[in-house]
Structure formats: structure tokens, C-alpha cells
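# Can you look at this prediction? I've put the sequence above it.
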Amino acid sequence: MKINQIKQKIYKSLKIILSNESWLAFTLIGITFIFRLLVAMITFSEDNINSWADSKEYLWFAQQFAKGNFNPHWEVENHGLEVAPFIPSLITIFILLFDSPLWPFFIYNCIITSILVYVLYALGKHIFNSSVGFLISIWAMFYTDYFRFNIQLLKEPTVYLFLPLTILLMVLSVKNRERILYVVMSSVTFSILIHTDVRFLFFTPLFLMLFIIVKNTSLINRMKSILIWFVLCALFASPMIIRNYKVYGEIVLISPQTIQITKKFWKSNLDYYTLSLKDQVIHKQMLHEAKTLDPAFYEEKFYKFRFNEAIKDKDGKPPYRYGHYEKYLMAFIHYWQPVYFSSSYLFDGFRYQKWSIRHNISSLLFYGIFLPFYILGIVMVIRNKNNFGIFIASIPLAHCAMHVYVTLALERYRSSINFCIVLIALAYLVSQFEKLHKKNNSNFLQNSKKT
């Protein structure tokens, strides 16, 4: 009797939570935050700092900002403020407030990746239905990458939140006939996103397409929303554009990382930033050794060094330099690849890659098993003419194209858009379950009539 009473209380509590958006948000965010923080406390060790790579760069720039040096030059990689400014600026605030920025930043990461869970619920609900929203929120609560970067000073957790939050606000603005509040809020969150990871700056046309493809209001109203959104984003970006013009003497959007793309539209005199990763390494070698030697010599030296480094890790097939077209094909494969049980070589064919069994299982559970259903889901949203669904489904494709073009196809770079893949896959699975459920109910009614 007591067990039944307990079950009834649990069901009643769940019904209240699911029927009340405020309670649902509070419950999802609260439980997730406690879970995230506990894992962070258990897994973080001061020794981890020694193995940091990009986190050290963000920390160094923040320390320079805290000293009042807003035009620092990082000697380790021989460049200025190349990273987007939001994360170094945030770390600077934590340095000024708390002296050590580590745990304040870790707690910030835990908070925003907890809020993310409810944002994904709302996104799934508004694009598809509450069942899809609830399932994507459960996935987000346990997705390993939403824990993995919480105890580092990196941009990933911020990107994890502000990408889907921007999409959600834009969807709400369109569904509410371009309600100005959502247009303004989405421009703010998108500005934070591109000042965290400049690669998303080049997604601007794709985001603006969302206002055009959904025709629930007049073209004039949609064009007004586009204009307001674009002007606000430009205003928020203007401080960094002005700062960069003073430092570099030319127009640089947010950070020099954008020059690789913008050089196709206007000329840049910042030769170093127009070089590929390989050419930057060669450039450094030429400066440190002898400026007069043939660059081809250093290119061969570069590949020989990469080959020897890869050989050290070899446990099977040897590395080799990919051909011109082969490197793009391999980048495409590596972008989508969910597991690395055997050794593989990324980029030009020399970056060794092999994962542990735990890493492979995690990737399969939270990403790999959804891939086939994502493909089927793309077909479904196109057939159903679900423009929001088509928009979500197109983000991984655009993201893939960008990273294949620059042959930088790492799991870490893809992790920020995995929610799009899972969301479309879950929408397809839920739709199939609902069809099956209706079919079973129909058969049951027919059998009942016969009897």
C-alpha cells in the first residue's frame, strides 16, 4: 500500500513539473547544476593545469588585460590577441574580483551548461513538441562534452549555451510575428556567440535566412526584423572593429582569425594571419633559422617532423601525406566519424588519432547512434515542410562545409552542433513512435468492434 502511495506521489509530482514551465525549468537546471558541480569537484586536479593548452592562452591574455595591457603579444605562438575577446574578458573580471579565476570560471561553466538543458527543452518543444524537448533535455543532462570542458578556461561551454539560445530566440521572434523583444535578445546572444567563437560570424547569412523562410507575416515586417537584428549585431561588434583598426591599421572583424575568410573579399596586409596553420609553422621556422633559405626546404622539414611524430604513436598503419583532394575527403569523413577504435591520421595525414574504449562508447551513445536517424529526420522535415526543422538540420551541414574547407575536422569543433543532429534524430524517432502508437490503437479499436 505504501509503495503504491509513493508511486502516486511521484507521478503527481512529475505531472505538476511537466505541466508547469517554471517548475520544469527550475527542476532541470537545479538537478543538472548539482550534478555538473559534483563532477567538476571530483574530476578537477591542480595537476591538470600543466597539461592545459588553449586554456593557458586564454588565461595569459586575461592576465594581461587585468594589468591594463589591452594589446598583448603572446610570445609562445608569436601573435597578438588572435582569439575572440569574450572569454579572456570574462576571465579578467574573475581575476579582478577573486584573484584566482579558476573556480569562479568553473562554476560559471556549470551554470551555463545547466541552463542549456532547459534551453534545449524549449527549442525541441517550439520546433517539434514537448516530447522531443523533454528527450533532448535528458540527453543534454548526461552528454559527456557538457561536463568535459567545465573544468578548463575554454570557450566551449559558452558556445554550447549561446548557439541554441540564439536559435531559440530567433524561432520565438518568428513564431510571435517578429516580436521586437526576441529580435533584440537574439542579436545580443548572437553577438556574445561570435565574440566567443568567431567562426559563427560566417553563419550570419544562415541565421538571417530564418526570418525569410518562415512566411507567417509580411515581407516588410520580416525585412524590418532582419535590419534591426543586423544593425544591432554590427553595433555590438563595432568596439572590436575600432580596436583592431587602431592596432592593425585595417578592418579586422572581431579577431585576426577571420582574415582567412575576409581576405577573399578585401585585401589584407597582415600576411602572417593569412597563412594556413602549416604555413604559419614554416614562417616561424624561417624567422628563427635563416630568412634566405627556400620555403620548400622548410615545408619538407615540416612534413618530415610531423611524420616522425606520428610514427612515435604508430600502432598499425603508417602515416602518409594526403593528396590535394584526398585531404578534403578525409576531413569530411573525420568530421562525421563517431569512433576511432583503430589509429587514424587527421589534417594532412600526420595528426595521430585514437580514442580509448570509454571515449568511443561515450561518442557512440551520445552522437553516433543518432546519425542514421538524423539523415532520416532531414527527409522528414523536408517532407513536412517544417522550416524550423530544416534550419536546424542545415546547421551541421554548413558547419561541416566550413571545417572541411580548412581541413580542421576535430570532434571538439563538432561538439557544439551535436545537439542539432540529436534534435532532428529524436524528432524522427518520436514521430515514428507516434505513428506506431496510432496504428496499434486503430487496430485495437477495429478488433474491439469485431468482437
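Right, received. Where do you want to start?
# Residue 352: neighbour count?
Neighbour count of residue 352, defined by other CB atoms under 10 Å: 18. Bear in mind the C-beta positions are built from the backbone N, C-alpha and C, glycine included.
# Can you tell me the strand partners of the strand or helix carrying it and which way each runs?
If you go by DSSP states H and E, residue 352 is part of strand 351-353. For strand 351-353, sheet partners with direction are given as strand 344-346 (antiparallel), following DSSP bridges.
# Quick one: mean pLDDT over the strand holding residue 352.
On average, the pLDDT along strand 351-353 is 77.
# Could you identify the helix or strand that succeeds that strand?
Going down the chain from strand 351-353, the next helix or strand is helix 357-366, by DSSP H and E.
# how is the chain carved up into domains?
For the chain, automatic domain parsing gives the domain ranges 275-312, 316-451.
# Among those domains, which comes closest to residue 174?
Residue 174 sits nearest to domain 316-451 of all those, at 7.9 Å, using CB to CB.
# So which elements touch the helix or strand residue 95 falls within?
For residue 95, the element it lies in under DSSP H and E is helix 86-98. In terms of contacts (3 or more CB pairs under 8 Å, 6 or more residues apart in numbering; DSSP states H and E), helix 86-98 is packed against helix 54-66, helix 102-127.
# which of the ones you listed has the lowest average pLDDT?
Minimum mean pLDDT among these: helix 54-66, a mean of 90.
# What residues sit buried inside it?
55, 56, 57, 58, 59, 60, 61, 62, 63, 64, 65, 66 (16 or more other CB atoms under 10 Å).
# can you tell me which of these lies nearest to residue 40?
Nearest to residue 40 among the buried residues of helix 54-66: residue 55, at 14.3 Å, using CB to CB.
# quick revisit: what's the offset of the strand holding residue 352 from the middle of its chain?
22 Å (CA atoms, centre = their mean, to the nearest Å).
# Which residues does stretch 109-125 contact?
Here stretch 109-125 makes contact (CB atoms under 8 Å, 6 or more residues apart in numbering) with 24-25, 28-30, 32-33, 36-37, 40, 130, 132-137, 139-141, 146-147, 149-151, 157-158, 160-161, 164-165, 167-168, 171, 419, 423, 426-427.
# which residues are contacting the helix holding residue 95?
58-59, 61-63, 65-66, 81, 101, 104-105, 108, 153-155, 158, 192, 195-196.
# Identify each buried residue in that helix, please.
Using 16+ other CB under 10 Å as the test for burial, helix 86-98 gives 86, 87, 88, 90, 91, 92, 93, 94, 95.
# hmm, back to that, now, of the domains of the chain, which is deepest in the fold?
domain 316-451 (a mean of 16; mean count of other CB atoms under 10 Å).
# Count the residues that sit near residue 265.
Using other CB under 10 Å: residue 265 sits among 7 other residues.
# Relative to residue 253, how far out is it?
For residue 265, the distance to residue 253 equals 10 Å [CB to CB, to the nearest Å].
# Which members of the contacts of stretch 109-125 are positioned in helices?
24-25, 28-30, 32-33, 36-37, 40, 130, 132-137, 139-141, 146-147, 157-158, 160-161, 164-165, 167-168, 171, 419, 423, 426-427 (DSSP state H).
# Tell me the buried residues within those.
Here, 16+ other CB under 10 Å leaves 24-25, 28-29, 32-33, 36-37, 40, 132-137, 139-141, 146-147, 157-158, 160-161, 164-165, 167-168, 171, 419, 423, 426-427 buried among the ones in helices among the contacts of stretch 109-125.
# Check the residue lying closest to residue 195 once chain neighbours are set aside and give its pLDDT.
Take residue 195 and drop its neighbours on the chain: the residue closest to it by CB to CB, 6 or more residues apart in numbering is residue 86, 4.1 Å away. Listed pLDDT for residue 86 reads 94.
# Residue 427 too?
96.
# need the contact list for it.
Under the criterion of CB under 8 Å, 6+ apart, the contact list for residue 427 reads 124, 127, 128, 132, 377, 380, 381, 389.
# need the residues you listed in JSON lines with distance to residue 227, can you?
Below are those laid out as JSON lines (distance: CB to CB, whole Å):
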{"residue": "124", "distance to residue 227": "30"}
{"residue": "127", "distance to residue 227": "25"}
{"residue": "128", "distance to residue 227": "30"}
{"residue": "132", "distance to residue 227": "32"}
{"residue": "377", "distance to residue 227": "33"}
{"residue": "380", "distance to residue 227": "33"}
{"residue": "381", "distance to residue 227": "28"}
{"residue": "389", "distance to residue 227": "26"}
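# Taking those together, which two end up most distant?
Maximum distance among the contacts of residue 427 (CB to CB): 14.5 Å, for 124 and 380.
# In this structure, where is pLDDT below threshold?
The chain contains residues with pLDDT under 70 at 1-20, 77-78, 177-178, 216, 271-317, 440-451.
# Hmm, residue 345 and residue 354 touching each other?
No. Taking contacts as CB atoms under 8 Å, residue 354 lies outside contact range of residue 345: 10.0 Å.
# For the helix or strand that residue 247 is a member of, could you pull out the residues that count as buried?
Using DSSP H and E, residue 247 maps to helix 219-248. Applying a neighbour-count criterion of 16+ other CB under 10 Å, one finds 222, 224-226, 228-229, 232-233, 236-237, 240, 243-244, 248 buried in helix 219-248.
# same for that helix, what does it pack against?
Looks like helix 219-248 contacts helix 180-194, helix 204-213 (3+ CB pairs under 8 Å, 6+ apart).
# Not counting the last one itself, show me its contacts.
Counting by CB under 8 Å, 6+ apart, helix 204-213 makes contact with 166-167, 170-171, 173-174, 178, 190, 222, 225-226, 229-230, 233, 387-388, 390-391, 394-395, 398, all of which sit outside it.
# One more: stretch 383-393?
Applying CB under 8 Å, 6+ apart, the contact partners of stretch 383-393 are 126-128, 167, 171, 174, 206, 209-210, 213-214, 374, 377-378, 380-382, 420, 423-424, 427.
# Need phi/psi at residue 254.
Main-chain dihedrals, residue 254, degrees, to the nearest 10: phi 70, psi -60.
# should've said residue 251
Taking degrees, to the nearest 10 as the convention, residue 251 sits at phi -80, psi 120.
# How many residues are close by it?
Using other CB under 10 Å, residue 251 has 14 neighbouring residues.
# which residues does it contact?
241, 244, 245, 262, 266.
# which of these lies closest to residue 74?
Closest to residue 74, out of all of these and judged by CB to CB, is residue 244, at 16.2 Å.
# Skipping adjacent residues, who's closest to the closest one in space?
residue 252 (3.8 Å).
# tell me the SS of the one you found?
coil (DSSP: H, G, I helix; E, B strand; the rest coil).
# For it, list the residues it contacts.
So residue 252 contacts 241, 244, 245, 258, 259, 262, 268, 270 (CB under 8 Å, 6+ apart).
# can you redo those as a markdown table with distance to residue 408?
Below are the contacts of residue 252 laid out as a markdown table (distance: CB to CB, whole Å):
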| residue | distance to residue 408 |
| --- | --- |
| 241 | 25 |
| 244 | 23 |
| 245 | 27 |
| 258 | 15 |
| 259 | 15 |
| 262 | 18 |
| 268 | 20 |
| 270 | 20 |
